[in-house]
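In: please work out how this folds:
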Amino acid sequence: MDRICWQRGRNAVYGYLGIIRMTMEMHRYSENRFDYRFLKGFDVHTDSDFRQWWNPEKFDWTYSKYLPRYCSHHFEQWWDSDRYNWQSSSDLIRYCRQYFHIWWDPERFDWKPRSTRFLMNYCKEHFDSWWDPKSFPWETNIIYLIKDFNDKFETWWDDEKLPWGTKFLFGNISVEEILIRYCVAYFPIWYCTDYFQLTDRLCELLKMHCGDFKDIWAQDYLLYKLAK
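Out: Just a heads-up that it's a prediction; the model follows:
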């Protein structure tokens with residue numbers, strides 16, 4: 001019993017000392033380089049006192065992502081395109097998309113698959129502003145472009161950039177299958193390329209979804225079946 005009481009007492013003391021140390025560190029933020037962990041662990045406190053603790057010269061911009069996450073309401077005060085860590089582009093999209101026209105910079109944006117997917121999800125209405133065929137990750141994100149932006153087909157279409165024949169992990173579906181399902185209205189454009197090659201699966205999908213264009217694909221379909 002005495003041992004248990006001693007251990008509890010020791011833990012209480014350590015806990016108390018920990019609180020004191022943490023409090024002292026928090027009060028030193030005006031003297032030392034700001035500790036990004038405060039933004040993560042004390043988001044309510046730091047956001048409400050933003051004007052008091054914010055110092056762009058002392059802030060460690062490596063941890064830029066915590067600014068849009070916890071201080072989006074003060075965006076216009078902390079935003080600095082030259083200092084912001086653009087590897088955290090996805091956080092800008094998720095938490096500061098209302099300021100898109102202020103922070104958007106295609107040269108600095110992190111065009112990795114994940115952040116580009118966020119851009120497609122949260123900034124769809126700004127497509128004409130952010131669309132850049134040279135930077136877009138075609139190999140990984142084309143499936144979302146076809147599904148979610150088929151109304152912009154004539155803007156993004158480039159048959160030489162599509163990863164023809166590629167099967168995507170989820171659903172084991174190919175680029176050709178997605179085109180048949182979501183871009184039927186533009187059938188004459190994508191079907192008549194040199195890259196579209198029939199398979200048994202594509203033949204079935206053409207019958208199901210592209211009946212209005214049967215006069216275009218019927219002969220190819222017959223020749224394919226006869227050759228098997």
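In: so where's the protein shaky on pLDDT?
Out: For the chain, the stretches with pLDDT under 70 are 1-48, 169-171.
In: hmm, try it at 50
Out: Along the chain, segments meeting pLDDT under 50 span 13-33, 36-37, 40-45.
In: just the strands in it please.
Out: 167-168, 173-174 (DSSP state E).
In: name the nearest residue to Trp156, ignoring sequence neighbours.
Out: Leu145 (5.9 Å; C-beta to C-beta, 6 or more residues apart in numbering). Where C-beta positions appear, they are placed from N, C-alpha and C, glycine not excepted.
In: next up, the contacts around the closest residue to Lys112 other than its chain neighbours.
Out: With C-beta to C-beta, 6+ apart as the criterion, Lys112 has its nearest non-adjacent residue at 7.0 Å, and that residue is Pro137. Residues near Pro137 by C-beta atoms under 8 Å, 6 or more residues apart in numbering: Trp111, Lys112, Pro113, Thr116.
In: how close does Glu176 get to Thr199?
Out: Separation of Glu176 from Thr199 (C-beta to C-beta, to the nearest Å) stands at 8 Å.
In: so between those two, which is more surrounded?
Out: Glu176 (23 against 13; other C-beta atoms under 10 Å).
In: isn't the more buried one right next to Phe196, touching?
Out: Yes. In this structure, Glu176 is within contact of Phe196 by C-beta atoms under 8 Å, at 6.1 Å.
In: shared neighbours, those two?
Out: Trp164.
In: hmm, back to that, can you name the residues that contact the residue nearest to Trp156?
Out: By C-beta under 8 Å, 6+ apart, Leu145 lies in contact with Met120, Phe136, Trp156.
In: those residues in helices, which ones?
Out: Using DSSP state H, the members of those that fall within helices are Met120, Trp156.
In: now, which of the contacts of Leu145 sits nearest Glu204?
Out: Ranked by distance to Glu204 (C-beta to C-beta), those are led by Trp156 at 27.0 Å.
In: distance check, that closest one against Asp220.
Out: Going from Trp156 to Asp220 by C-beta to C-beta gives 26 Å.
In: same check on Met208?
Out: The gap separating Met208 from Asp220 is 16 Å, by C-beta to C-beta.
In: what's the answer for Phe168, then?
Out: Applying C-beta to C-beta to Phe168 and Asp220 gives a distance of 25 Å.
In: over to Asp91?
Out: Asp91 sits 48 Å away from Asp220, going by C-beta to C-beta.
In: that's all I had, so thanks and see you.
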